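**Student:** Fold the following, please.
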Amino acid sequence: MQPSSAAPAVKKPFYKVLYVQVIFAIVLGAAVGWLFPDFGKNDWVKAMGDGFIKLIKMVIGPIIFCTVVSGIAHIEDAKKVGRVGVKALIYFEVVSTFALVIGLLLGNILRPGAGFSGKAPDAAAVANFAKAAGENKSVDFILNIIPDSVVGAFAKGDILQILLFSILFGFSLMVLGERGKTVRAFVDDVAHGVFGVIAIVMKAAPFGAFGAMAYTVGKFGPAALGSLIGLIGTFYLTAALFIFIVLGLIARIAGFSIFRFLAYIKEELLIVLGTSSSESALPQLMEKLELLGCSKSVVGLVVPTGYSFNLDGTNIYMTLATLFIAQAMGVDLTLSDQMTILIVAMLTSKGASGVTGAGFITLAATLTVVNPALVPGMAIVLGIDKFMSECRALTNLCGNGVSCIVVSWWEKELDRTKLNAALKRRVDPSDLETAVTTG
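**Tutor:** Predicted coordinates:
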């Protein structure tokens, strides 16, 4: 079935390919925002980007529920679920630590905040962020994972709460055995329907990318980076080193090329670049990972969990931004302080989903614990957070994709034939639509 589905993609005119349309939309949006900033800042233009993200977010809850429940319910042995979960969490913690360390190393070597000549604007702009982060105690975080009601979790789109209920419901169907067969089949059918909705929504991706990029450039302007260009450059460099060196070595050990994998998910990367949200590409990423040879059960468990526990881009951002703020404010951080950053950032990053701006909230939480005197310095990076949000989301997406392949390989549930075949050819989004509708 794979060869037949690939043929139409090759014959399709280039201008009808989704990633080409998204590239054109991003470039056009940047040009419009630069040349016509008043138009770019228009609420209707902004609504194009925000609307697309909302269209995606409206099905994130059902998708996570269906994939996690289906992944667990179809596993006969409960020990396997626990085994996959433990392997995933071990991988997440090890790789997240590498992300945090590489952020600290580059921050100390390049010192982008040293010699910062600007003055931090009024800290009132970040008071709400700091207050919210200060109230985010560890015990509250644990309690917040438990929803007051299942309906409320879906209504608010709380990923961790939905994930908890999905795991419990999946185990319940597993225990029911044959009696739960009808419900399992229903959940599978709902999942196909929801992926069908995604296939329709993704046709609006170019409009969403155009609106988001035009508004960003129109509001902040090409010169908005100013003296903070060093932080942005350092952050992008650090993220690139993490992806190509750390994830590249991990991919090589698992037997695939990180470059081929990035080419395989280029559509998702471009969508994330345009929307600044890794959640916007979550449904397509999960479907592509299955087509890549990862088992359905591993994809259903690892990817949704990774969106809350494997945020490599957010980890790099928190350590690098913390050092930048300390350097800009002339606060010397001792080795002990920097070790505290590692520990605190490891905890505060959990649950910060791919929603735009979530990394800024976790930064506030980290600063509050490490040194409360640094919290007002968040105003320094507030204006450019949007420019780093794209890089956070891109790195998070790459990290979660690689993690799913590695855990599938570790669990001996990676189809090498599919993996090699898929990475050597171009996969068009229309292939996903065909796979979804045919099952």
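**Student:** which stretches of the stretch 251-400 of the chain aren't confidently modelled?
**Tutor:** 276, 347-362, 364-365, 368-369, 379-380, 382-386 (pLDDT under 70).
**Student:** Can you show me the helices along it?
**Tutor:** Using DSSP state H, counting those that start in this stretch, the helices of the stretch 251-400 of the chain run over 258-264, 266-275, 282-291, 296-309, 312-328, 335-348, 358-370, 378-382, 385-410.
**Student:** Could you list every helix and strand that the first one packs against?
**Tutor:** Using 3 or more Cβ pairs under 8 Å, 6 or more residues apart in numbering; DSSP states H and E as the contact criterion, the elements in contact with helix 258-264 are helix 248-254, helix 385-410, helix 416-423. Just so you know, the C-beta spots here come from the backbone N, C-alpha and C atoms, and that holds for glycine as well.
**Student:** Most tightly packed of the ones you listed?
**Tutor:** Highest mean neighbour count of the helices and strands packed on helix 258-264: helix 385-410, a mean of 25 (counted as mean count of other Cβ atoms under 10 Å).
**Student:** re earlier: now the helices of the stretch 251-400 of the chain in CSV, with distance to Gly177?
**Tutor:** Formatted as CSV, the helices of the stretch 251-400 of the chain follow (distance: least, Cβ to Cβ, whole Å):
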stretch, distance to Gly177
helix 258-264, 37
helix 266-275, 36
helix 282-291, 25
helix 296-309, 17
helix 312-328, 38
helix 335-348, 38
helix 358-370, 39
helix 378-382, 52
helix 385-410, 26
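**Student:** between these, which one is nearest to Ala199?
**Tutor:** Checking the helices of the stretch 251-400 of the chain against Ala199 by Cβ to Cβ gives helix 282-291 as the closest, at 8.8 Å.
**Student:** Which of the residues in that closest one are classified as buried?
**Tutor:** 282-291 (16 or more other Cβ atoms under 10 Å).
**Student:** Show me how far that helix is from its chain's centre.
**Tutor:** Relative to its chain's centre, helix 282-291 lies at 13 Å (Cα atoms, centre = their mean, to the nearest Å).
**Student:** Over to stretch 43-52?
**Tutor:** That offset, for stretch 43-52, works out to 20 Å (Cα atoms, centre = their mean).
**Student:** re the thing from before, export the helices and strands packed on helix 258-264 as a markdown table, with columns for distance to Val17.
**Tutor:** Putting the helices and strands packed on helix 258-264 into a markdown table (distance: least, Cβ to Cβ, whole Å) gives the following:
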| stretch | distance to Val17 |
| --- | --- |
| helix 248-254 | 25 |
| helix 385-410 | 20 |
| helix 416-423 | 17 |
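**Student:** Figure out which of those helices is closest to Asn108.
**Tutor:** Asn108 sits nearest to helix 385-410 of all those, at 18.7 Å, using Cβ to Cβ.
**Student:** tilt between the closest one and helix 312-328?
**Tutor:** Between helix 385-410 and helix 312-328, the angle comes out at 140 degrees (axes from the mean of the first three to the mean of the last three Cα atoms, to 10 degrees).
**Student:** Now the one helix or strand Val175 maps to: buried residues?
**Tutor:** Secondary structure from DSSP states H and E places Val175 in helix 159-176. Across helix 159-176, burial judged by 16+ other Cβ under 10 Å covers 159-167, 169-171, 173-174.
**Student:** How many residues are close by Val101?
**Tutor:** Neighbourhood size, Val101 [other Cβ atoms under 10 Å]: 17.
**Student:** Next, the angle from the helix ranked longest in the chain to helix 335-348.
**Tutor:** Determined from DSSP state H, the single longest helix within the chain is helix 78-110. Orientation of helix 78-110 against helix 335-348 (the same axes, to 10 degrees) gives an angle of 140 degrees.
**Student:** What helices and strands are in contact with helix 78-110?
**Tutor:** For helix 78-110, the packing partners by 3+ Cβ pairs under 8 Å, 6+ apart come out as helix 159-176, helix 229-241, helix 296-309, helix 312-328, helix 335-348, helix 385-410.
**Student:** wait, Asn170 sits on Ala73?
**Tutor:** Residue 170: Gly, not Asn. Yes: with contacts counted by Cβ atoms under 8 Å, Gly170 reaches Ala73, the gap being 5.0 Å.
**Student:** Look up how far Ile265 lies from the most centrally placed residue in the chain.
**Tutor:** Here the mean C-alpha position of the chain is nearest to the C-alpha of Ser278 (Cα atoms, centre = their mean), at a distance of 3.5 Å. According to Cβ to Cβ, to the nearest Å, Ser278 stands 11 Å off from Ile265.
**Student:** which residues touch Leu110?
**Tutor:** Applying Cβ atoms under 8 Å, 6 or more residues apart in numbering to Leu110 gives the contacts 230, 234, 237.
**Student:** mind listing what the first one touches?
**Tutor:** By that I understand Gly230. 110, 112-113.
**Student:** Please apply the same query to Leu176.
**Tutor:** Val183.
**Student:** Correct me if wrong: Thr275 contacts Asp50.
**Tutor:** No: contact criterion Cβ under 8 Å: Thr275 and Asp50 do not qualify, at 9.3 Å.
**Student:** shared neighbours of these two, anything?
**Tutor:** Ala212.
**Student:** Between those two, which has more neighbouring residues?
**Tutor:** Comparing Thr275 with Asp50 by other Cβ under 10 Å, the one with more neighbours is Thr275, at 28 against 17.
**Student:** Please report the distance of that one from Lys57.
**Tutor:** Thr275 sits 10 Å away from Lys57, taking Cβ to Cβ as the criterion.
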